[in-house]
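Asks: return a 3D structure for these sequence lines:
(4 chains)
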There are 2 protein chains.
Amino acid sequence: MTAVCTSNRATAGGRGRRGLSREVVVTAAIQIARRDGIDALSMRRLADELDSAPMSLYRHVSDREALLLAMLDDVATALVLPPVHPDPTSELSVVLRAIHTVLRNEPWLVHLLVVEGMASPAIMPAVERIFAALSRAGVPDGDIPAMYSLLWHYTEGEAMAAHHDRPDTLARSMFTAAVRETPESFPVVLRVSSQSARDSSLDYFQTNLAVLVRGVLPRSTGGDLE
Amino acid sequence: MTAVCTSNRATAGGRGRRGLSREVVVTAAIQIARRDGIDALSMRRLADELDSAPMSLYRHVSDREALLLAMLDDVATALVLPPVHPDPTSELSVVLRAIHTVLRNEPWLVHLLVVEGMASPAIMPAVERIFAALSRAGVPDGDIPAMYSLLWHYTEGEAMAAHHDRPDTLARSMFTAAVRETPESFPVVLRVSSQSARDSSLDYFQTNLAVLVRGVLPRSTGGDLE
DNA sequence: ACCTGAACACCGTTCAAGT
DNA sequence: ACCTGAACACCGTTCAAGT
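Replies: Residues are numbered from 1 along each chain as shown, chains lettered A, B, ... in the order given. From the prediction side, this is the model:
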């Protein structure tokens, strides 16, 4: 019940030279990560961007890790999911595609999820919808966590790989190097890769998601899992 | 034809105080990454471990990135795959499980693959076997890269997540926090998670791999992939 | 010719000194 | 009471000086 301390004139908008609020800090951090990648986001760089000293940030955020968590929480809260689809197959595709689209556009987010292993309670609604769709489709309760993990990890992994594949990293060039050296050892790789050269793995997600969902959902022909 | 300079008594084994070869450097680096994680592997720390100056390392390795690539190459070359299985389903399971086992035991390796996006030509034999198995199973050539990417990314992603799940990161605790706050919003998550509390996602891989392979391979009922 | 110490431009964070 | 400069213990890498 003490008087509110944040009512100085210049602080109101949160944009004034000294209007350093938690929200302003987190928003600026997201902008840096978006523009220059998560590695470029240092406490010192962030302070520079905000015209303040590095130590001033620690007033609003206890840690670098706390800052990253707050960033994740911000975008997870802002995530809007498409309306619920009654058909489980469509529902899974729709929810996972919405998440995948965000991950595709925010490499730093994928980094926080995959590399730092972070998570925000704000994506729980999405999780519930996936669980519910699996349940509605007839997946037994005991199998749902495994199926969920399958779908989720693939979505994450695909997004992660996509951010690497863009500038055609060393991966592909090393592959072709090995194939060129002893082509007779890799007949199928050679045949397949010579056939379709314009595969950016970007188009894979749609197809693969369909395959996944088809594999995950029990078909009319019984539900034996193994 | 100058006299060979590396033949001082102590150098022979490559272990003596000054026996700093590329192989010794890379091996020591792998040991550090294995013991204390990839983040603990700094040029300075590595130099300390080898009783030499940080700059001496640059004689044998051009870069930190080159060092990491050499480490990856080392273990990829050492990887022994199980004998070829004629049945495509078994073949896929066997190859992917062999890779998964290595990734499970070498977190730093997963980091190089997933986070740094590195690859070594030395795993091409494994790739060829996966491609060949898919082809043998009747997957059309045009779909093989997508199916491969599906299987590979899941294997990677599962291993990555496993390394995080070990110490029960914030992820799960945040989930349960959200569920506790408004349990009525997450009925299915609540029901399913209360049922099986001992799921470590470690056991998922076996099951999920079977589901994946089942989904990937065309069934006897036609091969319409959409 | 080979190796390497000092130096440069960074990093997250603590701690005590500023206003 | 609030903010922050200097300092600590790191980092990868360049460059010139050592032997």
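
Asks: where does chain A dip in pLDDT?
Replies: Across chain A, residues meeting the criterion (pLDDT under 70) sit at A:1-18, A:165-174, A:196-203, A:219-226.

Asks: how about the residues of chain A by DNA strand D?
Replies: Residues of chain A lying near DNA strand D by Cβ under 7 Å from any atom of the strand: A:5, A:18, A:20, A:52-56, A:58-59. All C-beta atoms are positioned from the backbone trio N, CA, C, and that covers glycine.

Asks: highest neighbour count among these?
Replies: The most crowded member of the residues of chain A next to DNA strand D, judged by other Cβ atoms under 10 Å in any protein chain shown, is residue A:20 (20 neighbours).

Asks: wait, doesn't that one sit right on residue A:50?
Replies: Yes. Look at residue A:20 against residue A:50 with Cβ atoms under 8 Å: they come within range, at 6.5 Å.

Asks: who touches both of the two?
Replies: Contact criterion Cβ atoms under 8 Å, 6 or more residues apart in numbering or on different chains; residues shared by residue A:20 and residue A:50: A:56-57.

Asks: of the residues of chain A next to DNA strand D, which is the nearest to residue B:194?
Replies: Distance to residue B:194, by Cβ to Cβ, is smallest for residue A:58 among the residues of chain A next to DNA strand D, at 39.6 Å.

Asks: quick one: the closest residue to chain B within chain A and residue B:130, what's the gap?
Replies: Chain B sits closest to residue A:215 of chain A, with a gap of 1.9 Å, by Cβ to the nearest Cβ. Distance of residue A:215 to residue B:130, computed by Cβ to Cβ, to the nearest Å: 17 Å.

Asks: those two: which has the busier surroundings?
Replies: Between residue A:215 and residue B:130, counted using other Cβ under 10 Å, the more crowded position is residue B:130 (23 against 20).

Asks: where do the helices sit along chain A?
Replies: Taking DSSP state H to define them, one finds helices in chain A at A:22-36, A:43-49, A:64-78, A:88-105, A:107-110, A:124-136, A:144-165, A:170-181, A:187-195, A:204-216.

Asks: CSV for these, including distance to residue B:185?
Replies: CSV is the format used below for the helices of chain A (distance: least, Cβ to Cβ, whole Å):
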stretch, distance to residue B:185
helix A:22-36, 25
helix A:43-49, 34
helix A:64-78, 15
helix A:88-105, 15
helix A:107-110, 23
helix A:124-136, 7
helix A:144-165, 17
helix A:170-181, 41
helix A:187-195, 46
helix A:204-216, 24
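
Asks: skip the chain neighbours and tell me the closest residue to residue A:113.
Replies: Spatial nearest neighbour of residue A:113, excluding adjacent residues (Cβ to Cβ, 6 or more residues apart in numbering or on different chains): residue A:156 at 6.0 Å.

Asks: so the one you found makes contact with residue A:112?
Replies: No. The criterion here is Cβ under 8 Å, and residue A:156 misses it with residue A:112 at 10.9 Å.

Asks: overlap of the contact sets of those two?
Replies: With Cβ under 8 Å, 6+ apart, residue A:156 and residue A:112 have no common neighbours.

Asks: quick revisit: most widely separated two among the residues of chain A next to DNA strand D?
Replies: Based on Cβ to Cβ, the longest span within the residues of chain A next to DNA strand D runs between A:5 and A:54 and measures 22.8 Å.
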